[in-house]
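[1] sequence-free structure coming up:
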């Protein structure tokens, strides 16, 4: 069965019947996520080596666009998931890939640190305020990430911090949602379509094995610029700014800001990512 046939069945049988309640009550579409996983759609872009579909950005954007016509919240969750998985796939080796391919794992992005007054723009993208400190084979992460889609609902988050060593760049981590002292503080509003569970996630601190690092220390910006940002911009375009704005208005929350809806910026937890020329100019 093609991915489009699998998706059509999930949309008709699971997503559409719950879409109105999801939007009206702001209820996270857990049944939809479970059904998408069972149909192999969460693992659509994971390498076949790990049991995934082995497909790419065009197919992921197609899934997001078709889902958005039925339920914008589910589409927003998928967009964040596919972008996070793309970042993990670009580095390889993470345990997350097998779990995603098996349909048991929803990934999310925890990258933005901008508050409501910052219009969704990260405080300092080249140097996040989130800190990472290493003790032998354990790393302690401290920080607060805003505009996280599927906050408290995803199984892991792609998290950015300052490097362990050196003053420049940023480092990415795969943080399991069940890690002690990782929490969503009373679900403050974070914009996004109603039901997408867009909120804040805090680490106070979270202890991780050192091998939870994605790529090399200080090399996270390259992963974001080359992979995560292009995927996320394309996936957000597949949803459409109108759906995102109407979702934020329906939820009664403040939108992330006009900058979050134009190319070069992002409202799904990525913040304002500098273009390659910008990052070179800052070095």
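    Cool, the structure landed. The structure displayed is predicted, hence computed values, not measured ones.

[2] Give me the phi and psi for residue 204.
    phi -140, psi 60 (degrees, to the nearest 10).

[3] now it: how far from residue 69?
    39 Å (C-beta to C-beta, to the nearest Å). C-betas here are computed from N, CA, C, even on glycine.

[4] repeat for residue 201
    29 Å.

[5] For these two, indicate the residue with more neighbours.
    residue 201 (27 against 14; other C-beta atoms under 10 Å).

[6] Let me know the helix or strand that that one is in.
    Here residue 201, judged by DSSP states H and E, is contained in strand 199-209.

[7] Could you list the paired strands of the following helix or strand past that strand along with their orientation?
    With elements assigned by DSSP H and E, the helix or strand that comes after strand 199-209 is strand 213-214. The strands beside strand 213-214 in its sheet (DSSP bridges) come out as strand 171-176 (antiparallel).

[8] I'd like the next helix or strand past the strand it pairs with.
    strand 182-183.

[9] what is the mean pLDDT for that next one?
    The predicted model gives strand 182-183 an average pLDDT of 94.

[10] cool, stretch 220-235 as well?
    96.

[11] Now it: buried residues?
    Neighbour-count burial for stretch 220-235, counted by 16 or more other C-beta atoms under 10 Å, picks out 220-225, 227-229, 231-235.

[12] Equivalent analysis for stretch 79-90, please.
    Residues of stretch 79-90 classed as buried: 79-89 (neighbour count, 16+ other C-beta under 10 Å).

[13] could you pull out the helices for the stretch 151-283 of the chain?
    220-223, 229-239, 241-251, 276-281 (DSSP state H, counting those that start in this stretch).

[14] Make sure I have this right: residue 94 is in a helix.
    No - counting by DSSP: H, G, I helix; E, B strand; the rest coil, residue 94 is located in no helix; its state is coil.

[15] Tell me how many other residues crowd it.
    20.

[16] Identify the residue spatially nearest to residue 61, adjacent ones excluded.
    Leaving aside its sequence neighbours, residue 61 sits nearest to residue 238 (C-beta to C-beta, 6 or more residues apart in numbering; 4.3 Å).

[17] residues near that neighbour, how many?
    Count around residue 238 with other C-beta under 10 Å applied: 23.

[18] so who does it touch?
    Applying C-beta atoms under 8 Å, 6 or more residues apart in numbering, we find residue 238 in contact with 61-62, 64-65, 68, 75, 79.

[19] how about a cut-off of 10 Å?
    Applying C-beta atoms under 10 Å, 6 or more residues apart in numbering, we find residue 238 in contact with 57-58, 60-68, 75, 78-79, 82.
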